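sequence isn't available, so here's the structure alone:
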């Protein structure tokens, strides 16, 4: 098929997906995503970089996401989790007075903004205390604002190399200026929106499924009853296996990325066939559709954490679950993102009951 004018092969065979993402990765190293660091510096991030630039950046960032570093950072995230509880408590009090609801998506987004600000930038963003804090406002604007109309945006996304030659920019200048001022003094790391969306969808499903919510709360309380002062720790989170299953089912039903894209850097003959994927063509892997395939997941619209019981996971094809991609170009921050989401969820579920 064609995405705008880009020739694209839609891959649905799980064995071939494994070939593309892992075994024959050297053919499909790049995503074909737009990046123009010279004119639009915030587009020069790990997700969009290609070739040697991607390899060098991945090499530099990999040590940041080791289990030891994440364990060290988890203490900072727990501190932000305490502030999440305070903000939630305040929001619940206000909602009782006004007879209204609590907007959980915004609260979760403010939590992840403060986590990223603290862990990546070393800044106290204070967005949990102040929803209009500048760091949160700019983080929100990054995902909500466009520099160009949708038709131009579509052209850029499907003709990335041509757009780069034309020195096109994607982001509004005020967003770039704000984050680059922070980047120059620290690093640049992404992660605002994905974890907060996952937390929100998880709490939504738990609100609809009270039996699952009660079970996960009991498991949380059981683990924390044996920690000093009932404090959340990295090791305690590792013991919360049912929470892990609940999070995994959330990521299945509400895929962070609906599809994965790779670009062929040379002609690729599909194993066992006469089909050739031409150099420069895109590969599109429909993650959302795989996660909702009834032949893989019975009753795919049903929220069922038991799908991720150890035996159930072993029985499925490894490419049937791709919330973070796979292979050398999978999401580098998947463990940090999951720890961040778990700490936020535990901070809320141990104190509050959620209902739709």
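That came through, no problem. What you see is a predicted model; the values in this text were computed from it and never measured.

mind listing the strands for this structure?
2-3, 6-10, 260-263, 268-269, 276-277, 282-285 (DSSP state E).

possible to save these as CSV with mean pLDDT, distance to residue 188 and mean neighbour count?
Yep, even glycine has a C-beta here, placed from its N, CA and C like the rest. Listed next are the strands of the chain as CSV, based on pLDDT from 0 to 100; distance: least, CB to CB, whole Å; neighbours: other CB atoms under 10 Å:
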stretch, mean pLDDT, distance to residue 188, mean neighbour count
strand 2-3, 87, 28, 12
strand 6-10, 93, 28, 16
strand 260-263, 94, 22, 22
strand 268-269, 96, 33, 16
strand 276-277, 96, 33, 16
strand 282-285, 96, 26, 22
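
could those be laid out in JSON lines, adding distance to residue 97?
Formatted as JSON lines, those follow (distance: least, CB to CB, whole Å):
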{"stretch": "strand 2-3", "distance to residue 97": "50"}
{"stretch": "strand 6-10", "distance to residue 97": "52"}
{"stretch": "strand 260-263", "distance to residue 97": "46"}
{"stretch": "strand 268-269", "distance to residue 97": "62"}
{"stretch": "strand 276-277", "distance to residue 97": "60"}
{"stretch": "strand 282-285", "distance to residue 97": "48"}
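
tell me which of these sits nearest to residue 246.
Of all the strands of the chain, it is strand 260-263 that lies closest to residue 246, at 23.9 Å by CB to CB.

list the helices and strands the closest one packs on?
Strand 260-263 sits against strand 282-285, with contacts defined as 3 or more CB pairs under 8 Å, 6 or more residues apart in numbering; DSSP states H and E.

try it again with 10 Å
Where contact means 3 or more CB pairs under 10 Å, 6 or more residues apart in numbering; DSSP states H and E, strand 260-263 is packed against strand 6-10, strand 282-285.

follow-up on the earlier one: out of the strands of the chain, which is closest to residue 159?
Once those are compared by CB to CB, strand 6-10 is nearest, at 6.8 Å.

any chance of CSV for the helices and strands packed on strand 260-263, columns distance to residue 274?
What follows is the helices and strands packed on strand 260-263, written out as CSV (distance: least, CB to CB, whole Å):
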stretch, distance to residue 274
strand 6-10, 14
strand 282-285, 18
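
residue 341: which of the ones you listed is closest?
Nearest to residue 341 among the helices and strands packed on strand 260-263 is strand 282-285 (23.4 Å), distances taken as CB to CB.

who does the closest one pair up with?
Strand 282-285 has the following strand partners under DSSP bridges: strand 6-10 (parallel), strand 260-263 (antiparallel).

CSV please, covering those and showing distance to residue 162.
As requested, the strands paired with strand 282-285 are arranged in CSV below (distance: least, CB to CB, whole Å):
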stretch, distance to residue 162
strand 6-10, 10
strand 260-263, 13
